[in-house]
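>>> 3D, please:
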Amino acid sequence: MADAIKIKTVLAVGILVLAVVISGAGTPVARADTPPAQLKSATVKGTTLTYTFSLQSNDNVGGIWLTVRERDNPDRVIIDGRDVNIHPLPPPFRDITRTAEGMPENTPVCVSIVVWEYVHLGFNEDPSPPSNTICTDPAKTAAQADVALQTIRGNDSPPASASPAYLVIVRNVSDVDATGVVVDISTSGVAKLGDQSVVTPGWTANGFSCAPVAPVGGQSSAMRCTGGTVAKGKEINPAVIVTFDRPGIGAIHAQVSGAGDTTPGNNGTALPLTPR
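Purely as a prediction, here's the structure:
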């Protein structure tokens, strides 16, 4: 009787191990319904590629793979599905900036990203949708502007009943005038964007047109200002009005982009807020 029990136990363990092996739990497999990444920018300086992207979802992400091809010779693959190791993953729709070495000098390249999800082996093995593709030409990059947004100034612990203004510092740290500048502003937590009419002239004076946009992810409110200009070597400081639901924890997030921005790694920041 005891031998029969042992045989049954061994068989049960063997079946369990076989099921785990067949299921392939924890294996990254691209799925057709995995949301694609959103590639924001890509530039090459020397042999270094700098690229910025965001994820539409970070649920069960098993891998983020970078592919780089020569623009004028697409059969030449410079980077073929290199894993972009990001731990921990930021919330969805937050910009992620990384670099990759080994680009051929003075050669236009095209960049794309694929997101892979942890699923059971044997199911949903179709390739996930790639991100949009961005091509960059080092010869043009040298003549493009570099806009930066690394500071938001204002009271980080205001009364919860107040509607303070916060300065958004946008700089052009290049020798080329920046046009077509876009600034995305959002809030989170107990903070919300208020009535912007009193500060709108500060944006329009620099060519911007601002409008609310639907919040995504963990945002509580959002707006986008487009069409701005920042002269070479100059700094502008338009403002935003913020209100609060109650005392607590919140933040203002700001991101700048411009046509052909050569260094996207300095393009965003956040100011934590603790209204009282």
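
>>> show me where the stretch 1-150 of the chain dips below the pLDDT cut-off.
1-33, 118-128, 142-143 (pLDDT under 70).

>>> the stretch 151-276 of the chain too?
For the stretch 151-276 of the chain (pLDDT under 70), the answer is 259-265.

>>> quick one: the helices in it?
200-204 (DSSP state H, counting those that start in this stretch).

>>> now the strands for it?
165-172, 178-189, 191-193, 209-212, 219-230, 235-236, 239-244, 250-257, 268-273 (DSSP state E, counting those that start in this stretch).

>>> can you say which of those is nearest to Ser157?
strand 268-273 (7.4 Å; C-beta to C-beta). For glycine as for every other residue, the C-beta is placed from the backbone atoms N, C-alpha and C.

>>> now do that closest one against strand 165-172, angle only.
160 degrees (axes from the mean of the first three to the mean of the last three C-alpha atoms, to 10 degrees).

>>> domain assignment for this structure?
Per the record, the chain has its domains at 28-141, 147-273, by automatic domain parsing.

>>> got those as JSON lines, with mean neighbour count columns?
Converted to JSON lines, these look like this (neighbours: other C-beta atoms under 10 Å):
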{"stretch": "domain 28-141", "mean neighbour count": "16"}
{"stretch": "domain 147-273", "mean neighbour count": "18"}
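
>>> for Asp80, find the nearest of the strands of the stretch 151-276 of the chain.
Taking those one by one with C-beta to C-beta, strand 250-257 is closest: 28.1 Å.

>>> show me what the closest one is in contact with.
40-41, 95, 147-149, 152, 166, 168, 170, 181-191, 219-220, 240, 242, 244, 264, 267-275 (C-beta atoms under 8 Å, 6 or more residues apart in numbering).

>>> re the thing from before, nearest to Leu49 among the strands of the stretch 151-276 of the chain would be which one?
strand 250-257 (17.4 Å).

>>> only alpha carbons, please: show the closest one as CSV.
Provided in CSV are the C-alpha atoms of strand 250-257 (Å, rounded to 0.1, in the frame of the first residue of the first chain):
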residue,chain,number,x,y,z
GLY,A,250,0.2,65.9,-5.7
ALA,A,251,2.6,66.9,-8.4
ILE,A,252,3.0,69.0,-11.6
HIS,A,253,4.6,67.2,-14.5
ALA,A,254,6.0,69.0,-17.6
GLN,A,255,7.6,67.8,-20.8
VAL,A,256,9.0,69.8,-23.7
SER,A,257,9.6,68.7,-27.3
